[in-house]
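# Sequence and predicted structure are below.
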Amino acid sequence: MRKQTLAAALAAGMTVSLLAGCGGGNQTQTQTTAAATTAAQTTAAPSQQAAGGETTAAQETTDGIPVDYFAGTVLEIYTKPTATNDLVTDPNEKEIYKLAEEATGIHVNWTLLTSEAWSEQVNLKLASGELPDAFLSNVGENTISDNMELFYDLSEEGLLETYAPNFLETVEKVYPEGLDSLRWPDGSIRALATGRPETDYSENTWFPMINTRWLENVNMEMPTTADELYEVLCAFRDQDANGNGDPNDEIPFGFANKHGLAHIHNSANYFGIANAKDGDSGHYKMVKNGVVTPTADTEEWRAWLEYMHKLMADGLLDVEGFSQSGDEWTAKVNQDLYGVTYMFSPTHLGLDFNEWEFLWIQGMEGVEPVLDGNKYYDTTVKTGLTISADSKNVPALLHWYNWMASTRQLKMTAFLGEKGILWDEYEGEIYLSDDWKNKPEFANETASTLTNNRGAGGTSVLLSLDDYAYDDRNTHLVNGVPTVLEFNPKDSTQSRSKLVKQTLDLLQDEYIFPRFQDPDAVSERTFIETDLMPMIDNYISTSIMDGVTDESWNAYLKDLETYGYYDWIEWYQKSLDGEL
């Protein structure tokens with residue numbers, strides 16, 4: 001690793017250039033500055049025309065580095081297609097990379113790997129010692145931690161401030177902890193993030209849904225308490241709720257612990273226990289007032305298990321729920337056998353959205369129910385751009401990357417392709433556009449194929465929510481004018497969005513934001529989990545099937561201590577406090 005500060009080195013180089021020929025007073029400096037300004041204005045013009053909007057930030061970067069200062073530099077970058085339907089074989093054909101080369105004069109020689117071979121080829125390249133300047137796609141946390149010395153430490157003082165100020169500005173908007181979100185335990189920064197957070201896809205949320213047609217068939221109202229839900233489920237069991245003439249085929253409450261997030265754990269939400277983002281084990285802890293709090297030893301936990309056992313004992317739960325496959329669960333959903341179950345959305349299962357409604361009850365008096373998920377859905381890629389430790393072009397590469405993030409319009413071009421197809425502007429605001437659907441040249445295209453063949457998506461720059469198009473999935477440009485789309489219950493995106501917006505206030509505000517962590521510390525946690533998680537999961541299933549007694553509960557509490565549950569809680573507290 002070179003110890004010299006690159007930012008200082010280039011600054012010194014620019015100073016020498018500007019002060020050369022001292023006998024001429026300020027003439028050389030004036031001529032050089034003027035030339036740089038002229039070059040910046042000239043090269044920025046294409047971006048203004050193609051991407052739209054003002055490009056003042058793109059014409060000359062922060063700290064006065066002319067946009068074409070590194071003109072003539074050639075970068076070697078490995079990447080992969082943005083998706084399986086990305087058929088572009090040379091990324092330089094994509095609009096954002098054309099604009100970047102026109103503006104900066106920096107050319108990229110791309111090596112395009114297949115998605116299937118990406119991880120294998122990256123690891124082979126790292127092992128060979130013959131590295132490109134950068135990898136622009138998700139290298140992965142484990143790959144970096146196993147090869148830390150091969151990736152450039154971008155925490156070098158002044159480096160990002162000088163060559164990637166636009167990126168730094170975006171990072172502060174995207175991540176609650178700003179640039180610290182990208183730091184490793186030793187303080188180094190080995191990768192820059194790409195992609196964007198979602199606006200209305202609450203993470204880890206599968207919704208409890210009830211079939212309202214079944215409710216009508218049994219002449220019951222929407223339940224709001226655990227007791228009321230029990231009575232509704234009994235009616236589903238005892239009557240021909242699905243209306244197929246067979247009063248014995250109904251399964252009142254369905255789940256599938258081996259499929260997606262249709263797990264029985266979700267029902268703990270009604271008892272104030274929710275997972276923020278860690279799967280089933282996320283239910284075993286919650287963050288409350290900045291403290292990682294155990295949940296699996298509480299009275300609320302026991303009350304949840306006792307209630308679910310009551311449902312199982314009375315024939316109201318799917319007895320196959322713990323063991324059935326996703327296909328088996330899906331088949332039951334499609335055969336109209338479930339009155340209540342968990343879904344990403346009904347439309348994703350091909351169901352009639354209007355026949356299903358979000359089911360929210362209070363399971364325990366005095367306890368506020370909480371929905372799985374959190375209000376921040378991080379779909380960014382924190383290891384999206386990694387630079388090789390021995391690259392001689394670090395400032396130029398950062399400068400190139402930073403230029404593509406210098407305006408909202410350029411960021412949208414990077415993500416979705418050129419203005420006027422999937423996105424456009426109206427009165428200074430950026431909107432997604434549906435007008436491409438009426439253009440003959442796109443008759444055989446879909447939004448997905450256009451996105452992946454014209455934009456670079458998550459393998460480009462980092463966008464904040466403020467950068468992306470108008471924050472409403474139901475408002476698009478139609479004939480060039482912002483139009484609120486009529487809700488289409490058969491549209492999976494709209495149906496999911498409607499559920500998310502309906503339930504956003506039920507999500508947790510506090511959770512453990514993911515950080516890069518010391519592999520040894522992670523190993524300590526996974527060692528505890530090896531025996532702890534099966535023990536808890538087994539107690540859940542046994543309690544729901546057979547019931548909870550004081551004896552079994554007390555033995556379980558002792559097992560929690562024996563199996564390291566409280567060490568596990570302490571580990572997450574350290575993670576929350578940034579000590580790992």
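Sure, I can see it.

# alpha carbons only for contacts and neighbour counts from here, please
OK.

# so what does the strand or helix carrying residue 384 touch, helix or strand wise?
Assessed by DSSP states H and E, residue 384 sits inside strand 381-387. The contact analysis (3 or more CA pairs under 8 Å, 6 or more residues apart in numbering; DSSP states H and E) places strand 381-387 against strand 134-136, strand 192-194.

# quick one: the helices in the stretch 201-350 of the chain?
According to DSSP state H, counting those that start in this stretch, the stretch 201-350 of the chain carries its helices in the segments 212-217, 226-238, 299-313, 326-334.

# Make a markdown table out of the ones you listed and add mean pLDDT, mean neighbour count and distance to residue 102.
Below are the helices of the stretch 201-350 of the chain laid out as a markdown table (pLDDT from 0 to 100; neighbours: other CA atoms under 10 Å; distance: least, CA to CA, whole Å):
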| stretch | mean pLDDT | mean neighbour count | distance to residue 102 |
| --- | --- | --- | --- |
| helix 212-217 | 97 | 18 | 58 |
| helix 226-238 | 98 | 19 | 63 |
| helix 299-313 | 98 | 19 | 61 |
| helix 326-334 | 94 | 16 | 50 |
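
# To which secondary structure element type does the residue nearest the centre of the chain belong?
Geometric centre of the chain, nearest residue: residue 379, 1.5 Å, by CA atoms, centre = their mean. Using DSSP: H, G, I helix; E, B strand; the rest coil, the structure places residue 379 in coil.

# Assess the claim that it and residue 195 are in contact.
Yes - in terms of CA atoms under 8 Å, residue 379 counts as a neighbour of residue 195; the distance is 7.0 Å.

# Would you mind giving the domain segments of the chain?
6-199+379-416, 207-373+510-576 (automatic domain parsing).

# and those, which one is worst for confidence?
For these, mean pLDDT drops lowest on domain 6-199+379-416, to a mean of 78.

# if we can go back for a sec, could the domains of the chain go into CSV alongside distance to residue 464?
Converted to CSV, those look like this (distance: least, CA to CA, whole Å):
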stretch, distance to residue 464
domain 6-199+379-416, 5
domain 207-373+510-576, 17
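
# To residue 445, which of these lies closest?
Residue 445 lies closest, by CA to CA, to one member of those: domain 6-199+379-416, at 10.9 Å.

# circling back: how about JSON lines for the helices and strands packed on strand 381-387, with mean neighbour count added?
Shown next, in JSON lines, are the helices and strands packed on strand 381-387 (neighbours: other CA atoms under 10 Å):
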{"stretch": "strand 134-136", "mean neighbour count": "24"}
{"stretch": "strand 192-194", "mean neighbour count": "25"}
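
# Which one of those strands lies nearest to residue 246?
When these are compared by CA to CA, strand 192-194 sits nearest residue 246, at 53.5 Å.

# How far off centre is that closest one?
Distance, stretch centre to chain centre, for strand 192-194: 12 Å (CA atoms, centre = their mean, to the nearest Å).

# Which other helices and strands does it contact?
strand 381-387.

# quick one: buried residues of the strand it packs on?
Neighbour-count burial for strand 381-387 flags 381-387 (criterion: 16 or more other CA atoms under 10 Å).

# Name the residues that touch it?
When contacts are defined by CA atoms under 8 Å, 6 or more residues apart in numbering, strand 381-387 is touched by residues 133-141, 151-152, 182, 190-195, 394, 458-459.

# Which of those are buried, as a PyMOL select command?
Paste this into PyMOL to select the buried members of the contacts of strand 381-387, with burial taken from 16+ other CA under 10 Å:
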select buried, resi 133+134+135+136+137+138+139+141+151+152+182+190+191+192+193+194+195+394+458+459
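
# end to end, how far does stretch 261-271 reach?
18 Å (CA to CA, to the nearest Å).

# picking up where we left off before, partner strands of the strand holding residue 384, with direction?
strand 134-136 (antiparallel), strand 192-194 (antiparallel) (DSSP bridges).

# Make TSV out of the ones you listed and add distance to residue 87.
Below are the strands paired with strand 381-387 laid out as TSV (distance: least, CA to CA, whole Å):
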stretch	distance to residue 87
strand 134-136	17
strand 192-194	21
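
# Relative to residue 169, tell me which of the ones you listed wins on proximity.
Closest approach to residue 169 among these is made by strand 192-194 (12.5 Å; CA to CA).

# got a list of contacts for that closest one?
Here strand 192-194 makes contact (CA under 8 Å, 6+ apart) with 182, 380-386, 458-463.

# List just the nearest of these to residue 305.
Scanning the contacts of strand 192-194 for proximity to residue 305, where the rule is CA to CA, the winner is residue 380, at 36.2 Å.

# Tell me how far the closest one lies from residue 274.
Where residue 274 is concerned, residue 380 sits at a distance of 23 Å (CA to CA).

# Settle it for me: which of those two has more neighbours?
A direct count of neighbours by other CA atoms under 10 Å for residue 380 and residue 274 places residue 274 higher, at 28 against 21.

# residue contacts, the more buried one?
266, 268, 282-283, 286, 370-373.

# Weed out the non-buried ones from those residues.
266, 268, 282-283, 286, 370-373.

# could you dump the residues you listed to a markdown table with distance to residue 160?
Converted to a markdown table, the buried ones among the contacts of residue 274 look like this (distance: CA to CA, whole Å):
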| residue | distance to residue 160 |
| --- | --- |
| 266 | 42 |
| 268 | 45 |
| 282 | 35 |
| 283 | 38 |
| 286 | 35 |
| 370 | 40 |
| 371 | 39 |
| 372 | 37 |
| 373 | 33 |
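
# Out of these, the closest to residue 424 would be?
The closest of those to residue 424 turns out to be residue 373 (CA to CA; 32.1 Å).

# Between all of the buried residues of strand 381-387, which two are separated the most?
381 and 387 (14.9 Å).

# Quick one: name whatever helix or strand follows the top helix by length along the chain.
Under DSSP state H, the helix in the chain containing the largest number of residues is helix 519-546. Next along the chain after helix 519-546, taking DSSP H and E as the criterion, comes helix 550-562.

# Now do the buried residues in that following helix.
Neighbour-count burial for helix 550-562 flags 556, 560 (criterion: 16+ other CA under 10 Å).

# any residues touching it, and which ones?
297, 532, 536, 539, 566.

# In ChimeraX, how would I select just the buried ones from the residues you listed?
If you want just the buried ones from the contacts of helix 550-562 in ChimeraX, going by 16+ other CA under 10 Å, the selection is:
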select :297,532,536,539
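
# mind giving me a markdown table with the contacts of helix 550-562 and columns for distance to residue 419?
A markdown table is the format used below for the contacts of helix 550-562 (distance: CA to CA, whole Å):
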| residue | distance to residue 419 |
| --- | --- |
| 297 | 55 |
| 532 | 52 |
| 536 | 52 |
| 539 | 56 |
| 566 | 53 |
